[in-house]
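[1] what follows is a predicted structure for the sequence shown.
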Amino acid sequence: MKLYSVDLSPFAARVRLAIYAKGLAVEILPPPGGDTKSADYLAINPMGKIPALVLADGVVIPESDTIVEYLADAFPGSGLRPKGAEAAARARLLARVAELYVMASGAALFGQMNPATRDAVVVEAAFAKLADGLTHLNLFATEDAYAVGDTITTADCALVPILVFLGVFGHVFGKGDLLAGHGKLHAYWARVQKDAAVIKVVGEMQAAMAARAG
């Protein structure tokens, strides 16, 4: 299998974390042609989005959540999916809330990074929604070693890249630690950053951010 990925993408990082944490036999490559809109990459994934997983038989699976779910099914012994219906539902819920109420709320901030063109009204509205989203996410968070249970699961794969960008938002917009008022999330982020696979994927994202800024 091959995963087409770029280091900065939180969506691609979600899949890379699954691969690193579980030692999955997946080759990680940049999009051919160096761009998601190149003719070579569009021939693989006409959606022109990252990531895309290419199976051994040539079937292409796009969308990070679908890819991680596929990997959990394809490698059932990996522990990517928590054991038991309740734990599996908790993992799906955390990923869903993180996507719909946290990442989606913060999406407007990507267009506001430049102070010279920043719209204060847009920024404050986005942070208000973000605070609500974090409140919801904290409500459903566990106090387990990882997001759900004692190993990295699909839930961690969704949460980690999003929390990386929350750190960026807090720094760029002078908001400080956005998790400070959300006890379970704050403690989770402190714990999970000690994991070797998390360290690797966060390092890749941070290096890509620094390269873009420089």
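    Perfect, I can see it now.
[2] SS state for the residue nearest in space to the middle of the chain?
    Computing the C-alpha centroid of the chain and ranking residues by CA atoms, centre = their mean puts P161 first, at 3.3 Å. Following DSSP: H, G, I helix; E, B strand; the rest coil, the label given to P161 is helix.
[3] contact partners for it?
    10-11, 13-14, 17, 201, 205 (CB atoms under 8 Å, 6 or more residues apart in numbering). Using the backbone N, CA and C atoms, a C-beta is placed for each residue, glycine as well.
[4] and if we set it to 10 Å?
    8-17, 64, 98, 103, 201-202, 205 (CB atoms under 10 Å, 6 or more residues apart in numbering).
[5] who wins for neighbours among the residues you listed?
    For the contacts of P161, the largest neighbour count, defined by other CB atoms under 10 Å, is 32 neighbours, found at V15.
[6] ok, that residue to P51 distance?
    5 Å (CB to CB, to the nearest Å).
[7] same thing with Y4?
    Distance from Y4 to P51, by CB to CB: 6 Å.
[8] what residues are shared contacts of these two?
    12, 15, 28, 31, 36, 45, 62.
[9] what's the lengthiest helix in the chain packed up against?
    Using DSSP state H to define each element, the chain has its longest helix at helix 120-140. Judged by 3 or more CB pairs under 10 Å, 6 or more residues apart in numbering; DSSP states H and E, helix 120-140 is in contact with helix 85-97, helix 104-106, helix 154-172, helix 183-192.
[10] so it versus helix 183-192, what angle?
    80 degrees (axes from the mean of the first three to the mean of the last three CA atoms, to 10 degrees).
[11] what residues sit buried inside helix 120-140?
    Buried positions in helix 120-140, judged by neighbour count with 16 or more other CB atoms under 10 Å: 123, 126-127, 129-130, 133-134, 137-138.
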